[in-house]
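J.: could you work out the structure for the sequence below:
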Amino acid sequence: MPKAVPAAHVEALRAFNRSYTRSIGVLEEGLLSSPFSLTQARVLFELAQRGQASANEIGDDLGLDAGYLSRIVRGFAGAGLVARKPSPQDRRRTLLSLTAAGQRAFAELDRRSRAQAAAMLGQLSPADRERLLGNMLAMRRVLEAPEERGGRPVIRTHRPGDIGWAIERHGRLYADEYGWNQEFEALVATLFAGFATRHDPARERMWVAELDGVRVGCVFVVRNADDADVAQLRCLLVDPAGRGRGVGRRLVERCIAFAREAGYRDMMLWTNDVLVAARRIYEAAGFALAKEYPHRSFGHDLVGQIWSRRL
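T.: Predicted structure coming up:
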């Protein structure tokens, strides 16, 4: 049985739905100034992606009433957009596919949809666009059924734009989740700037995690300033959109593997005791607490910690 939800949360979701559907024009008589409704366009999309499928398969996946879908298919067939033929495996089962005219109709819809999305995103700054895409990914992950939550994080080395994103996400997330002030963002900016301007690619490297092409995590490794045989793991971050998917674990594992290959003897890192989720990742990766001390930073009284492990 569904749990009780505060009325304010319900109204917030309804307000978002109204705003978004208005923004993308689904309330207009024809989607994207076409002769097709949103539902008709989705049926065309499914047929274009599948090549051929039965009406039952499409109806089940889209949650459409059988009678309603039957009327759509009859209309498409009458307009020469859809062809119907018996299944070779079961003559009682009818397979649907797009005709050449149907493929042209879908291609035009797809072109208009891409143009509309590009126009909407083009109005945003790069930072706002990245934030929007990350939040959209998070919504998809939360709302999808557990069996639909596929997709494996991709871990890659950094590219232009990644460092700016990493600084912004550190500043915003730690302010939102821990109340840390701009002193923390300034520290992160200094660390990343040092890496960007003078890192040794053979012994120092940065990685970014992506889900569906959206950045959801980062970390980098540098040589410890006091001991050239010690690698230092820095600035591990997992965006909310990537949590619960092993992103942090895989980033740390990549750091350890790289440090071994680069010939380091040990690896260390600095963190704070309030970062519980990160500490769990470090412990699972074989790090042990070497030292801790109280300090006042980022607007808070904290306990700094140094963790280390042999490689």
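J.: mind listing the helices for the stretch 1-150 of the chain?
T.: Assigned by DSSP state H, counting those that start in this stretch, the helices in the stretch 1-150 of the chain fall at 7-24, 38-50, 55-62, 66-78, 100-122, 126-143.
J.: mind putting these into TSV with distance to residue 270 and mean pLDDT?
T.: No exception for glycine: its C-beta is placed from N, CA and C like everyone else's. Shown next, in TSV, are those (distance: least, CB to CB, whole Å; pLDDT from 0 to 100):
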stretch	distance to residue 270	mean pLDDT
helix 7-24	38	82
helix 38-50	48	86
helix 55-62	49	80
helix 66-78	59	89
helix 100-122	37	89
helix 126-143	26	79
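J.: which one of those helices is the most hemmed in?
T.: helix 38-50 (a mean of 18; mean count of other CB atoms under 10 Å).
J.: what's it packed up against?
T.: helix 55-62, helix 66-78, strand 94-98, helix 100-122 (3 or more CB pairs under 8 Å, 6 or more residues apart in numbering; DSSP states H and E).
J.: which residues touch that helix?
T.: Residues from elsewhere that reach helix 38-50, judged by CB atoms under 8 Å, 6 or more residues apart in numbering: 26, 31-32, 34, 36, 53, 57-58, 61-62, 64, 68-69, 72-73, 75-76, 81-82, 96-98, 102-103, 105-106, 109-110.
J.: can you lay out the helices and strands packed on helix 38-50 as JSON lines showing distance to residue 269?
T.: Output for these, formatted as JSON lines (distance: least, CB to CB, whole Å):
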{"stretch": "helix 55-62", "distance to residue 269": "46"}
{"stretch": "helix 66-78", "distance to residue 269": "56"}
{"stretch": "strand 94-98", "distance to residue 269": "55"}
{"stretch": "helix 100-122", "distance to residue 269": "36"}
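J.: so which of the helices of the stretch 1-150 of the chain comes closest to residue 245?
T.: Among the helices of the stretch 1-150 of the chain, the nearest to residue 245 by CB to CB is helix 126-143 (8.1 Å).
J.: neighbouring contacts of the closest one?
T.: 121, 124, 149, 161, 164-165, 168, 211-212, 214-216, 239-241.
J.: likewise for stretch 183-193?
T.: By CB under 8 Å, 6+ apart, stretch 183-193 touches 163, 166-167, 170-171, 174-175, 220, 234-235, 297-299.
J.: ok, and the closest non-adjacent residue to residue 311?
T.: In space, and not counting its chain neighbours, residue 311 is closest to residue 260: 5.0 Å by CB to CB, 6 or more residues apart in numbering.
J.: now name the helix or strand holding that neighbour.
T.: helix 247-261 (DSSP states H and E).
J.: any idea of the mean pLDDT in the helix or strand just after that helix?
T.: Later in the chain than helix 247-261, the nearest helix or strand by DSSP H and E is strand 266-272. Averaged over strand 266-272, pLDDT sits at 97.
J.: what helices or strands is strand 266-272 leaning on?
T.: strand 230-238, helix 247-261, helix 276-284, strand 300-310.
J.: got the angle for that strand vs helix 276-284?
T.: 160 degrees (axes from the mean of the first three to the mean of the last three CA atoms, to 10 degrees).
J.: how many residues are close by residue 92?
T.: Residue 92: 6 surrounding residues under other CB atoms under 10 Å.
J.: roughly how far apart are it and residue 56?
T.: Here the criterion is CB to CB, to the nearest Å. By it, residue 92 lies 12 Å from residue 56.
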